[in-house]
Every structure is written in structure tokens, then in C-alpha cells.
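Peer 1: attaching a predicted model along with its sequence, questions to come.
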Amino acid sequence: MKTSIVFLLCISVFPGFSQGRVVGEDETGFAECNVFFPGQVPPEGFTEPFHVKICQQYNKEPRFATLYSTKDKIPLYSAFKYTKPAQNEEESWLVEPQIDDPENDLHEMVHEADVIGTVAGLGANQALTSDYMGSGYERGLLNPSLLNEEDFQMATYTLTNAVPLSPSLSKSWHRDIGRVVEQALVPHCSKKDHLYLLAGAIPSSVRVKGKVSVPESLWLAACCDAPEGWSLGLVKKMNDENSLADLTVGELEKQLLAGVHLFKGSCGEDNQSQEKTEAILQAVSQIRSGEQVETSDNQEAKDSGLVRKVAGIIATPFIKLLELLIYVFVELVKFVFYFLWLVIKRVGGAVLDGVYSLWNGVVSYLKAISMVLISIPYDVGRVIVNIFLGFLDIVQDVASLTYRILRIPVGFVLHLAAFPYHSICAIPSVLKDVATGIGGTFSLVIDATAALLHGFYYLAGHIVKRFVPKGSSDD
């Protein structure tokens, strides 16, 4: 949707934009493009549901009409009028979004790359540039650009006006049709703006990349809807690029779909001028054989050729002198411009060097200033943090000193107060220990005395047993 909006804006800003619209079923014929048909009546008999009518436009003006086959992905015919030979061959290929997406809000032709992803099913009903790439076929124009000028030519470069042609066939088709129209048809139509042209293609079963139909033949139908009018048909076969068969419009219609009528009332085919018809056929024959067709313009050119030669001989010395003067003037101008260029180059180089050096100095100065300005908040913050940390250290030292000072008298008082308590409480324990000691001492003395007495008793008994005779004891 965004791309669609941008595209519509581009149309409003740049009016020279190729446009084309699909003609609605409720519109008559090709709507505003009916002017490209005799009596504003399009061909009859093309009634398939896959036939789409397109009014090709440029700069908001109709330029030609096209009947497009969404089945074969090629145009069946393009209807146009001869304007003038092309002055240039600028190509700008476009596609028709509404053929693939009728609900799309883009009603004009656009570049294929501009609508990728925004048009639903792009390429489903029409050929794209990618279908031709690497296929060996060119985008051959049914309505040749070389028969149109300016806006009419720009409008021809649309893929709805192109069919797959080999490079050699495309070249011969545009060459032959261009010569036939300019040398055979236009000179023999008394009212050139009443010369109506239909260029078409007959689809075949051969497909490019399985999608785009390769025509089995190309055809051109011409109608001069004027007094002493005439009509003519031409056919070029795909298998013979040098072929160019002439036939009546009625014979051409028989090679197309059943019931097809190209021109209203066959464009005077029954009462056309026999003399003009023969002259046209002779011109076509000369074109087919590669000869130059003689026209009234050619004859006038021959008559005036001798005069031009004599005038050329007389004017040659003056022309040469004029060429010499022009050459000297051009060289002088070139020398002046070259000298000015050197001066501007040197002065400009010096100025640019100075500007470059000044710029570098300014950038360096601004960089240094920026670094200093950036470092100021950092340094201030670091100082504040250091001051706060120092203050915390002082508070800690004061608290520690106060604690140490207070700790000495408090401990002393506590120990002093606890001394009587510990002393009084220790008396019973001491008396108990003293009593226990005294009792132990008496017990030890008694035990020692008993042991000593027992030892003496034992010793005395042993001496008595040893020295006192046993007999004495018996008596």
C-alpha cells in the first residue's frame, strides 16, 4: 500500500509517466482509445473471457489500444496510427498491475520493480521481464517504437505490447513493417491521420519457460479510411524471417479466430482504388526484395540533386574557410577554458588544502575541549568521593579511640567491685581445703606409724625364729 501511495505521488509530480488502464466491461469498446479504429469501432470476434482490453496512455493522453490474452501472456493485436519516425530509442519497460490484481488501486502502468510484493499474483496473467531473461527471445513490439515519436514512442515500451521474438526476427519485423508503413502505406493514403494500423500475433503452443506463448506468425492490417481508400494485410511467418506475404484483409481474417472482422465494413475492400492497391503491392514487393521504393519525395530529391551539386562546388571554398575559422575559434575557446581550468584547479587546490588544514585544526581543538569538559564531572565526583571516605575514616578513628579510653576505667571498676565477692566466696572453699589437708596429714601419720610398727613386728619375729633354738621352745 505504501508503494501505491508513493507511485500516485510520483504521477502527480512527474506528469510524463507512462499510463495504461484496463477497460471495464461496462465501457464501450476501448473507451477513449476507440479513436484508433475506423469509425471508432474495434475488431469483432475476440470474445474469449481471457481477452483484456487495454487503453495505452502516456501523459494522460491515449496513444494506442491493445487486446491482451492473459492465457497466452501476449497481446493479440495493438491498434495505432502512424505519427512520425522515431527520433530516439529510449526503452523503459512497464507492466499493467490490474491484469493480475483487478482490486489493486494502481490504475496506470508501472515499472515492474516498483510493484513487486504490492500487487497480488504479479505475473499470473501477464509476462514479466524475468520470463524473457536467458530465454533466447527478445521483447518484440507489435506497435513498433520506430513508427512513433516522443510520447507515442515512450508508450510502446510495455510488456503488454510485446511478444517473444528471436533477435533476428525482431529486427526484420521492425525493419520490414517500418519500411512498409513509411514507403508503401503512408504515401498512398490521402489523409494520413485516417490511416489505421493493426499489428497482431497468432499464438502457438510453444511457450517460453512454460508460460509465454511464442507466436506462430505476425500480421499487419492497414486501412485508409478516406476517399479512394483501401485496405491491406501482411503476414510474416516465424520460421522464415525474410517472409512477408501480402493478402487482403478478408484473407487475413480467415487465418485468425472464427468470426473475426478487423475493420468496420472491411474498410472499403469491395470498392477500393485498384490503382492505389497495385501501387501499394508493388511497393511491398520492392521492400520484400530489398529495393528502395521510389516515391514523389525521392523524385524531387533527384531533381534537386544537380542544383545541390553545383551549389556545393561554388560554396566549397567558403565552407572550408568557414570551417577553418570555426576550428580556430573552437581551439581558442578550448585553450582559454583549459587555462582557466588550470588556474581554478591550482587556486582551488590551495584553498581546499587550507580549508582542510583549518578543518583538521578545528576538529582537534573541539576534540581536546570535549575531552576536558567530559573529564571535569568525573574529577569532581572522584574528589567528593575521596572527601567522604576520609570523613568516614576520621569518624572511625574517633570512635575507636573513645572506645579504648572508656574501656580502661570500666574494666578496673568491674574488677575492683568483684574482688570482695570473689574473696568472701573463696573462704569456705579455702577452709574446706585446709580441713581436707589436715585430715589427710593425720591419716598419713597414722598410716605411717602403723606401717612402721608392722615392720618392726615383722623384723622381730624373723629374728626370733632364726636365733632362738627350737628345743628350748619344746621344754
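Peer 2: That came in fine, so what should we check first?

Peer 1: okay, strands next: where are they in the stretch 151-300 of the chain?
Peer 2: Along the stretch 151-300 of the chain, counting by DSSP state E, counting those that start in this stretch, strands occupy 162-165, 195-202, 207-208, 212-213, 217-224, 230-237, 245-247.

Peer 1: give me the low-pLDDT residue ranges for the stretch 201-350 of the chain?
Peer 2: Applying pLDDT under 70 to the stretch 201-350 of the chain flags the ranges 265-266, 268-271, 273, 290-310, 312.

Peer 1: quick revisit: and among the strands of the stretch 151-300 of the chain, the most buried is which?
Peer 2: Highest mean neighbour count of these: strand 162-165, a mean of 26 (counted as mean count of other Cβ atoms under 10 Å). C-beta coordinates here come from the backbone N, C-alpha and C atoms, glycine included.

Peer 1: quick one: contacts of stretch 30-38?
Peer 2: 23-24, 28-29, 40-43, 53-56, 62, 64-65, 79-81, 194, 196, 223, 225, 263-264, 267 (Cβ atoms under 8 Å, 6 or more residues apart in numbering).

Peer 1: same thing but 7 Å
Peer 2: 23, 40, 42, 53, 55, 62, 64-65, 79-81, 196, 223, 225, 263-264, 267 (Cβ atoms under 7 Å, 6 or more residues apart in numbering).

Peer 1: got a quick ChimeraX command for the buried subset of those residues?
Peer 2: Selection of buried members from those for ChimeraX, criterion 16 or more other Cβ atoms under 10 Å:
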select :23,42,53,55,62,64,65,79,80,81,196,223,225,263,264,267
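
Peer 1: out of the contacts of stretch 30-38, which are inside helices?
Peer 2: Assigned to helices by DSSP state H, none of the contacts of stretch 30-38 qualify.

Peer 1: of all the strands of the stretch 151-300 of the chain, which one comes closest to Ser289?
Peer 2: Among the strands of the stretch 151-300 of the chain, the nearest to Ser289 by Cβ to Cβ is strand 245-247 (12.7 Å).

Peer 1: which other helices and strands contact that closest one?
Peer 2: In terms of contacts (3 or more Cβ pairs under 7 Å, 6 or more residues apart in numbering; DSSP states H and E), strand 245-247 is packed against strand 230-237.

Peer 1: strand 217-224 and the strand it packs on, what's the angle between them?
Peer 2: Relative orientation of strand 230-237 versus strand 217-224 (axes from the mean of the first three to the mean of the last three Cα atoms, to 10 degrees): 170 degrees.

Peer 1: so Thr47, which of the three states?
Peer 2: Here Thr47 is recorded as coil under DSSP: H, G, I helix; E, B strand; the rest coil.

Peer 1: can we start the residue count at 7 from this point?
Peer 2: Yep, numbering from 7; the last one is Thr53 now.

Peer 1: how many neighbours does Lys79 have?
Peer 2: Per other Cβ atoms under 10 Å, the neighbour tally for Lys79 reads 25.

Peer 1: show me how far stretch 79-89 is from its chain's centre.
Peer 2: Offset of stretch 79-89 from its chain centre (Cα atoms, centre = their mean, to the nearest Å): 32 Å.

Peer 1: mean confidence score for it?
Peer 2: Average pLDDT, stretch 79-89: 90.

Peer 1: cool, stretch 180-200 as well?
Peer 2: 85.

Peer 1: start to end distance for that stretch?
Peer 2: Start to finish, the residues bounding stretch 180-200 are 22 Å apart (Cα to Cα, to the nearest Å).

Peer 1: neighbouring contacts of that stretch?
Peer 2: Under Cβ under 7 Å, 6+ apart, the answer for stretch 180-200 is 87-88, 91, 150, 152-153, 201, 203, 205, 226, 228, 230-234, 240, 242, 250, 282, 285-286, 289-290, 293, 299, 301.

Peer 1: what residues sit buried inside that stretch?
Peer 2: Neighbour counts over stretch 180-200 (16+ other Cβ under 10 Å) mark 180, 182-195 as buried.

Peer 1: out of those residues, flag the one nearest to Asp403.
Peer 2: His180 (104.5 Å).

Peer 1: ok, the closest one to Ala374 distance?
Peer 2: Distance of His180 to Ala374, given as Cβ to Cβ, to the nearest Å: 70 Å.

Peer 1: and the strands of the stretch 157-306 of the chain as CSV, adding distance to Leu262?
Peer 2: Listed next are those as CSV, based on distance: least, Cβ to Cβ, whole Å:
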stretch, distance to Leu262
strand 168-171, 15
strand 201-208, 7
strand 213-214, 20
strand 218-219, 15
strand 223-230, 8
strand 236-243, 10
strand 251-253, 12
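
Peer 1: and of the ones you listed, who's closest to Ile319?
Peer 2: Across those, closest to Ile319 is strand 201-208 (Cβ to Cβ), at 41.1 Å.

Peer 1: alpha carbons of that closest one, as CSV, please.
Peer 2: What follows is strand 201-208 as a C-alpha-only set of coordinates in CSV (Å, rounded to 0.1, in the frame of the first residue of the first chain):
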residue,chain,number,x,y,z
LEU,A,201,-4.6,5.6,-41.8
TYR,A,202,-5.4,2.9,-39.2
LEU,A,203,-3.0,0.1,-38.4
LEU,A,204,-3.5,-3.2,-36.6
ALA,A,205,-0.4,-5.2,-35.7
GLY,A,206,-1.1,-8.6,-34.2
ALA,A,207,0.2,-12.1,-33.4
ILE,A,208,-1.2,-15.6,-33.7
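
Peer 1: chain center to that strand, what's the gap?
Peer 2: 37 Å.

Peer 1: any residues touching it, and which ones?
Peer 2: Here strand 201-208 makes contact (Cβ under 7 Å, 6+ apart) with 42-44, 80-88, 148-149, 169, 183, 187, 191-192, 195, 221-231, 261-262, 268.

Peer 1: tell me the angle it makes with strand 236-243.
Peer 2: Inter-element angle recorded for strand 201-208 and strand 236-243: 30 degrees (by the same axes, to 10 degrees).
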